[in-house]
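In: Build me a model:
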Amino acid sequence: MLNYAIDPSVIEHLVPAGVELDFFQGKTYVSLVGFLFLRTRLLGIPVPFHQDFEEVNLRFYVRRRIAGVVRRGVVFVREIVPKYAVAAIARAVFNENYVRLPMSHRLDSAIAEYAWKCDRRWSSIRIETEGAGAFPEVDSAEQFITEHYWGYSSQTDRGCLEYEVHHEPWRVWNGRDARFEGEATSLYGPALARILTARPDSAFLAEGSPVTVFRGERIC
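Out: A predicted model of the protein is given here:
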């Protein structure tokens with residue numbers, strides 16, 4: 001998870017109707033995140049050759065208040081996967097901005113790396129960790145980044161879909177060397193691409209857990 005503090009004006013036009021940008025200590029963040037999905041089911045069904053795969057997504061953080069209760073969630077700018085069915089179902093069910101590209105990954109005891117090929121060029125995110133893993137402290141940046149349990153997606157008619165994401169809290173390891181390498185303009189546009197080529201404001205590796213993504217409901 002590579003996290004960048006940005007000017008809110010860069011992503012304000014991407015905020016879905018019915019939610020607002022979320023802030024941590026007065027700052028707005030985008031995160032470039034690599035995942036390895038294992039034993040995946042699509043709409044509850046294990047699809048052959050589509051159960052284990054990489055994903056890289058660029059996301060930012062929003063919130064929605066309902067009867068005094070705040071739901072903290074994420075909005076995905078773009079999600080990259082190597083599997084056609086995963087991308088097609090996500091676009092059809094959630095209207096998420098998925099793209100299918102060739103991908104690879106490397107994981108060992110201290111290094112995680114995810115790579116994808118776009119316009120005949122490979123790009124990647126990479127992190128080396130240090131120290132022992134631990135659950136995020138309350139009100140820490142790590143907790144803010146990892147513990148958003150709702151997703152929000154703009155719809156073609158300018159409405160918004162809200163869906164719940166459930167998982168246990170994740171242990172995290174601090175990153176001593178984390179970076180993005182490659183070309184990002186074609187996927188994210190020039191403004192976000194310039195941000196991703198800078199040094200992240202924070203970076204860490206998270207240990208995953210079983211995740212359930214529930215069907216969405218229209219909120220507007």
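
In: Longest helix in the chain, by number of residues?
Out: helix 84-94 (DSSP state H).

In: List the buried residues in the helix or strand that that helix is followed by.
Out: Next along the chain after helix 84-94, taking DSSP states H and E as the criterion, comes strand 98-100. By 16 or more other C-beta atoms under 10 Å, the buried positions in strand 98-100 come out as Tyr98. Heads up, the C-betas are built off the backbone N, CA and C, glycines and all.

In: what's next to strand 98-100, contact-wise?
Out: Strand 98-100 has contacts (C-beta atoms under 8 Å, 6 or more residues apart in numbering) with 78-84, 86-88, 90-91, 187.

In: With stretch 12-29 instead?
Out: Defining contact as C-beta under 8 Å, 6+ apart, one finds that stretch 12-29 is touched by 3-8, 11, 60-64, 72-73, 75, 77, 141, 144-145, 148, 152-154, 158-160, 162, 201, 219-220.

In: Sitting in helices, which of those residues do you find?
Out: 141, 144-145.

In: Separate out the buried members of the residues you listed.
Out: The neighbour count (16+ other C-beta under 10 Å) marks 141, 144-145 as buried among the ones in helices among the contacts of stretch 12-29.

In: tell me which of the residues you listed is nearest to Glu55?
Out: Nearest to Glu55, judged by C-beta to C-beta, of those is Ile145 at 16.4 Å.

In: Mind pulling up the pLDDT for the closest one?
Out: Looking at Ile145, its pLDDT reads 95.

In: wait, isn't it in contact with Leu2?
Out: No: with contact defined as C-beta atoms under 8 Å, Ile145 does not reach Leu2; the gap is 10.2 Å.
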